[in-house]
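In: Got a predicted structure plus its sequence, pasted below:
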Amino acid sequence: MKFSKVTVPTLKEKPADAEIASHELLIRAGMMRSVAAGIYTFLPLGSSALAKVENIVRDEMNRAGACEIVLPNLHPAEAWRESGRWFQYGPEMMRLKDRQGREFCLGPTAEELVTLAVSRSAPSYRDLPVNLYQIQTKYRDEVRPRFGLLRCREFRMKDAYSFHTSFEDLDDTYRRMYEAYVAVAKRCSLDVRVVEAPTGLIGGDISHEFMVLSSVGEDIVVHCLECDYGANSELERHRPGKKFGTENSLPLEEVHTPCLVSVSEVASFLDSSSENVIKCVLYVAGDELIAAFVPGYRELSEAKLARILGTDNFHQMREDERELFPQVTAGFVGPVGLSGVKMLFDEELKGAKGLICGANKFDYHYRGVEEGRDFKAEPLVDIALATEGDRCVECGGELAIARGIEIGHIFKLGEKYSKPLNALFTDADGILKPIIMGTYGIGTSRMLATIVEQHHDENGIKWPKAVAPVDIEVIVLNPDNDEQSNMGREIYQKMMNAGFDVLLDERELSPGVKFNDADLIGVPLQVIVGKKTSERKTVDLKVRYTGEKLEFEAMDVGEKIINVLENVP
RNA sequence: CGGGGUGUAGCGCAGCCAGGUUAGCGCGCGUGCUUUGGGAGCACGAGGUCGGCGGUUCGAAUCCGCCCACCCCGACCA
């Protein structure tokens, strides 16, 4: 590949709309261009890097016993109506009609189509299990596409679907896919953490997310620093690291707390701390009011609340709704003597003593409140978010809270799709039974961005060798010099013949431009042919990842390149 | 969908508040000469529906209205 013949429009300046490193660098390095919000064109180098990632995924899928297929992007509405998701998916699904008015969508995922494809062959237990996958463009009309390739409306994803005669058999494939995903991440130089995950719109019982910890990640991950426990914050479990409330019982008393509403204000006014205050958050769900109580030093998790309520159709009470619910005194709500409201108590409130809470009376709080004596914490639920200092439920180790980028997600679906789609197999006993399914997704374009997030410096991308768009860049500093030009071309040919992807930069530009472009593009190994070549018959090698520079005799540099390349990250 | 912001040459921006000739700057691009180990120099040159539509005005990039696109925060969500 010659630099002058391939479209690599590098930019000196940061694009105005790029907020994060991967977005900025993929554009500046000439690997992609934005077309519309959350829709990108991959230019030659970006396309090449994406293909490297996808081939690693492909290889690991094949090793795990999955078979590649190609499903259409255009899905007839019929399949989605049968599963019920045509109605559930909502505006996130890109819908369209053909000239006859028949409805279609652009596939956001493909459980329906693949399940129908398998079930139409009327499989018997002898035909199962099978595991089918594709690497395809997916469409989701995200509410807010952002961060370059991290959240797109059109993106690349590998999706696999497995079909089984039993849950035990599903467990086996699930484990193999889990291991394959870990292997993919490793080969792409991504440090991945596997966490328990919510199942969302895909559904099913058990699922795991593959998270790469990163400050630009959109998910919050809670994980143990000592064991393997990790979970998405939406369903994490934790053991409090400190005691809520006081050690001993205190007498209940009412105190005047004029205009003090927030937990910290009340705590400091009463010379106490947020570890003794009950926080109350009011929610409106339909025409019902919900008072949720959590320890004052914690945040309430709306995701957990949604799971408990069985709906996400609720919102925090707004000021203009206060008159609709005269039974509460906003800002001074406490569980003691409260009625006419649905109450929920975080588990940590059980048995707590010496607490401070609203007195359900304007400008008054109670102190010395004790659960069991002054109010009963029922129902007891897990609605609080983990906080720094919490301990692991598995091993008691320290929990860390971090942001993560979700690169993969695997689900045990069971019969969720096979039942409504009537996907059956004939068992050994001759009876038709629903197929047991699993589904496994990995975002390949998101992985590409994640790799750049994890591997870059102030000069540009530092591609790990396995996913670099090309392996070697040969830079001829002065192409007008015959000796340099010939040597550059010779090395270029030789390395291509040795099976490497090589980029030859013999553009008529000053050396600085070529050096900076090379660093920006981030090819693992630079071979520099310049003055030293014409004067001393040597060439320089520069390892992009480490910045290490080596000088070798030009004559036998081919072997040296191969040796050096073997040891670069 | 709520809040905030932006839209002027391929990219990054100034000009707008206080309307007034051929709308500027840097980078990039083209041609020529010089230069070639970390974003070269000189000379000449090309490139613009000032996001769109409508209005006010003798006159609109600039003021007003509507619309569109893009970005950020939130809500939401694989």
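Out: Great, that's in hand. Residues are numbered from 1 along each chain as shown, chains lettered A, B, ... in the order given.
In: ok, A:F147 - how many residues close by?
Out: Per other Cβ atoms under 10 Å, the neighbour tally for A:F147 reads 21. Glycine gets a C-beta too; all of them are placed from N, C-alpha and C.
In: quick one, strands of the stretch 251-400 of chain A?
Out: Listed in chain order, the strands found in the stretch 251-400 of chain A under DSSP state E, counting those that start in this stretch are A:253-256, A:278-285, A:288-295, A:315-316, A:342-346, A:355-361, A:364-369, A:380-381, A:399-414.
In: just the stretch 451-569 of chain A next, same as before
Out: A:456-457, A:460-461, A:472-476, A:502-505, A:525-529, A:538-543, A:549-553.
In: any chance of those strands in JSON lines, plus mean neighbour count and distance to A:I436?
Out: Converted to JSON lines, those look like this (neighbours: other Cβ atoms under 10 Å; distance: least, Cβ to Cβ, whole Å):
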{"stretch": "strand A:456-457", "mean neighbour count": "16", "distance to A:I436": "43"}
{"stretch": "strand A:460-461", "mean neighbour count": "24", "distance to A:I436": "43"}
{"stretch": "strand A:472-476", "mean neighbour count": "27", "distance to A:I436": "48"}
{"stretch": "strand A:502-505", "mean neighbour count": "26", "distance to A:I436": "48"}
{"stretch": "strand A:525-529", "mean neighbour count": "27", "distance to A:I436": "48"}
{"stretch": "strand A:538-543", "mean neighbour count": "20", "distance to A:I436": "49"}
{"stretch": "strand A:549-553", "mean neighbour count": "14", "distance to A:I436": "56"}
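In: which stretch among those comes nearest A:V35?
Out: strand A:460-461 (21.4 Å; Cβ to Cβ).
In: Tell me which residues are up against the closest one.
Out: By Cβ atoms under 8 Å, 6 or more residues apart in numbering, the list of residues contacting strand A:460-461 from outside reads A:L25, A:L26, A:R28, A:A29, A:V452, A:H455, A:D519, A:L520, A:I521, A:G522.
In: what does stretch A:110-120 give?
Out: So stretch A:110-120 is contacted by A:69, A:71-72, A:75, A:79-80, A:82-83, A:85, A:107, A:130, A:132, A:134, A:136, A:159, A:161, A:163, A:202, A:413, A:417-418, A:421-424, A:435, A:437, A:439 (Cβ under 8 Å, 6+ apart).
In: So among those, which ones count as buried?
Out: Buried by 16 or more other Cβ atoms under 10 Å: A:71, A:75, A:79-80, A:82-83, A:85, A:107, A:130, A:132, A:134, A:136, A:159, A:161, A:163, A:202, A:413, A:417-418, A:421, A:423-424, A:435, A:437, A:439, out of the contacts of stretch A:110-120.
In: Now do the helices in chain A.
Out: Under the criterion DSSP state H, helices of chain A are mapped to A:21-28, A:44-63, A:77-83, A:85-88, A:111-119, A:167-187, A:263-269, A:302-309, A:444-454, A:482-497, A:511-521, A:531-536, A:557-566.
In: Which strands or helices does the least confident helix or strand in chain A by mean pLDDT pack on?
Out: The least trusted helix or strand in chain A, going by mean pLDDT, DSSP states H and E, turns out to be strand A:315-316, with a mean of 80. Applying 3 or more Cβ pairs under 8 Å, 6 or more residues apart in numbering; DSSP states H and E, one finds that strand A:315-316 contacts strand A:278-285.
In: and the strand it packs on, how far out from the chain's middle?
Out: Offset of strand A:278-285 from its chain centre (Cα atoms, centre = their mean, to the nearest Å): 30 Å.
In: Also stretch A:378-393?
Out: 23 Å.
In: swap in stretch A:360-367?
Out: 44 Å.
In: what's across from the closest residue to A:G488 other than its chain neighbours in the sheet?
Out: Closest residue in space to A:G488, ignoring its immediate chain neighbours: A:V476 at 3.7 Å, by Cβ to Cβ, 6 or more residues apart in numbering. Beta-bridge partners for A:V476, by DSSP bridges, are A:V529.
In: Deepest-packed of the strands of the stretch 251-400 of chain A, please.
Out: strand A:355-361 (a mean of 24; mean count of other Cβ atoms under 10 Å).
In: relative to strand A:288-295, how tilted is that one?
Out: 150 degrees (axes from the mean of the first three to the mean of the last three Cα atoms, to 10 degrees).
In: For strand A:355-361, enumerate the helices and strands it packs against.
Out: Using 3+ Cβ pairs under 8 Å, 6+ apart, strand A:355-361 sits against strand A:278-285, strand A:364-369.
In: could you measure A:D17 against RNA strand B, distance?
Out: According to Cβ to the nearest atom of the strand, to the nearest Å, A:D17 stands 4 Å off from RNA strand B.
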